[in-house]
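In: Here is my input, please return the structure:
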Amino acid sequence: MDKSRRKEPFRYVFHTPEPCTFQINRINNQPVDSKRAPAEILNLSRSGCNIATSLKLGAGEHVIGVMLYVQFGEAPWEVQGIIRWHAYEEGLHRYGIQFEASDALRERMSIELRQLAASQRIVAQ
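Out: Numbering: from 1, shown residues only. Model (predicted):
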């Protein structure tokens with residue numbers, strides 16, 4: 001599995017991990033139907049995020065597509081992504097998710113991330 005090749009100058013880190021849910025919707029490019037599962041977003045950029053969950057998803061053996069659900073402001077985010085890496089630390093599985101988002105959603109993300117930074121819920125790194 002490839003490590004991140006993020007080209008953005010920074011990412012945003014939450015002071016307190018942000019609750020979210022995710023749903024596996026593809027395994028090896030085959031559609032699957034799964035239930036939503038809880039997770040926490042540890043850091044976030046326009047192109048992806050790092051989540052932590054108690055679930056081991058088999059990301060090392062399979063290409064896994066997910067839908068991430070989170071709400072920071074008035075409107076919820078529903079972002080499609082692919083798990084790019086996995087690590088197990090401190091009793092939790094951490095996953096790096098690369099977003100597959102439209103330009104319009106990326107622009108909305110930029111605006112909302114700046115608002116979260118202004119309210120000091122997140123800090124740029």
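
In: At the geometric centre of this protein, which residue sits there?
Out: The centre of the chain sits closest to Cys49, judged by Cα atoms, centre = their mean, with a distance of 3.6 Å.

In: give me the element that one is part of.
Out: strand 48-53 (DSSP states H and E).

In: Against which helices or strands is the helix or strand following that strand packed?
Out: Moving toward the C-terminus from strand 48-53, the first helix or strand encountered (DSSP H and E) is strand 64-70. Contact analysis of strand 64-70 by 3 or more Cβ pairs under 8 Å, 6 or more residues apart in numbering; DSSP states H and E lists strand 12-27, strand 77-89 as its packing neighbours. (Each C-beta comes from the backbone N, C-alpha and C, glycine too.)

In: where does the residue lying closest to Gly81 once chain neighbours are set aside land on pLDDT?
Out: Once flanking residues are discounted, Gly81 sits nearest to Ile97: 4.1 Å by Cβ to Cβ, 6 or more residues apart in numbering. Per-residue pLDDT puts Ile97 at 97.

In: For the nearest residue to Glu18 once chain neighbours are set aside, give its distance to Pro19.
Out: Spatially, and ignoring its direct neighbours in sequence, Glu18 is nearest to Ile41 (4.4 Å; Cβ to Cβ, 6+ apart). Distance check for Ile41 against Pro19: by Cβ to Cβ, to the nearest Å, it reads 8 Å.

In: more neighbours, the two?
Out: Taking neighbours as other Cβ atoms under 10 Å, Ile41 and Pro19 compare with Ile41 leading, 22 against 11.

In: Return the residues in contact with Phe22.
Out: 36-37, 39, 51, 53, 66-69 (Cβ atoms under 8 Å, 6 or more residues apart in numbering).

In: Give the PyMOL command for selecting the buried subset of the residues you listed.
Out: Entered in PyMOL, the line below selects the buried ones among these, by 16 or more other Cβ atoms under 10 Å:
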select buried, resi 39+51+53+66+67+68
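
In: And the contacts of Phe22, which two are furthest apart?
Out: Thr53 and Met67 (14.2 Å; Cβ to Cβ).

In: Which is the succeeding secondary structure element to the helix or strand hosting Ile111?
Out: For Ile111, the element it lies in under DSSP H and E is helix 103-118. Using DSSP H and E, the helix or strand that follows helix 103-118 in sequence is strand 122-124.
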